[in-house]
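A.B. asks: here's my sequence, what's the structure:
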Amino acid sequence: MSPLYDVTPVHDIEPEAKYLSMRINGKILAGTPTRADVVTESVSWGMAPNRASTIIDDTLDKLTTGIKLANKLYPEAGKRHAKGAMARTEALRQ
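C.D. replies: Numbers count the residues shown, from 1 in each chain. Purely as a prediction, here's the structure:
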């Protein structure tokens with residue numbers, strides 16, 4: 001997984017930002033790593049594939065809950081960021 005500073009929706013804030021801070025299964029272009037890439041990267045670190053999938057699912061569930069809550073608490077920011085964040089989260093469920 002990339003460092004926490006990649007959690008910020010940099011692309012939403014700065015559309016010219018195209019690169020992640022570190023590669024995920026060899027991919028560095030933002031928006032290109034897939035769920036399979038995250039699992040493969042995790043396996044390369046010694047994690048079992050099933051464990052990686054469980055952690056991914058748990059993290060995505062928590063992100064979805066957090067996005068919904070943040071959208072309610074900060075509706076102005078939600079108008080700009082919630083839809084894109086949910087789309088990226090859902091894409092990693094595939």
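
A.B. asks: in this protein, which spans are strands?
C.D. replies: 19-24, 27-29 (DSSP state E).

A.B. asks: quick one: contacts of the shortest one?
C.D. replies: So that's strand 27-29. For strand 27-29, contacts defined as Cβ atoms under 8 Å, 6 or more residues apart in numbering pick out K18, Y19, L20, M22, P33, D37. Placement of C-beta: from N, CA and C, glycine included.

A.B. asks: if you set the cut-off to 10 Å instead, what comes out?
C.D. replies: S2, K18, Y19, L20, S21, M22, R23, P33, T34, D37, E41 (Cβ atoms under 10 Å, 6 or more residues apart in numbering).

A.B. asks: nearest to G78, out of the strands of the chain?
C.D. replies: Closest approach to G78 among the strands of the chain is made by strand 19-24 (23.9 Å; Cβ to Cβ).

A.B. asks: the closest one: which residues count as buried?
C.D. replies: L20, I24 (16 or more other Cβ atoms under 10 Å).

A.B. asks: helices and strands around it, which ones?
C.D. replies: helix 10-13, strand 27-29, helix 35-44 (3 or more Cβ pairs under 10 Å, 6 or more residues apart in numbering; DSSP states H and E).

A.B. asks: what's the least confident stretch among those?
C.D. replies: Here the helices and strands packed on strand 19-24 differ in mean pLDDT, and the lowest is helix 10-13 at a mean of 71.

A.B. asks: any stretches of the protein with poor pLDDT?
C.D. replies: Scanning the chain for pLDDT under 70 picks out 1-11.

A.B. asks: try it again with 50
C.D. replies: Low-confidence segments of the chain, defined by pLDDT under 50: 1-4.

A.B. asks: biggest helix in it by residues?
C.D. replies: helix 49-73 (DSSP state H).

A.B. asks: please identify which pair of the contacts of strand 27-29 lies farthest apart.
C.D. replies: Across the contacts of strand 27-29 (Cβ to Cβ), the longest gap, 19.3 Å, separates K18 and E41.

A.B. asks: what about the two, which has more around it?
C.D. replies: E41 (20 against 13; other Cβ atoms under 10 Å).
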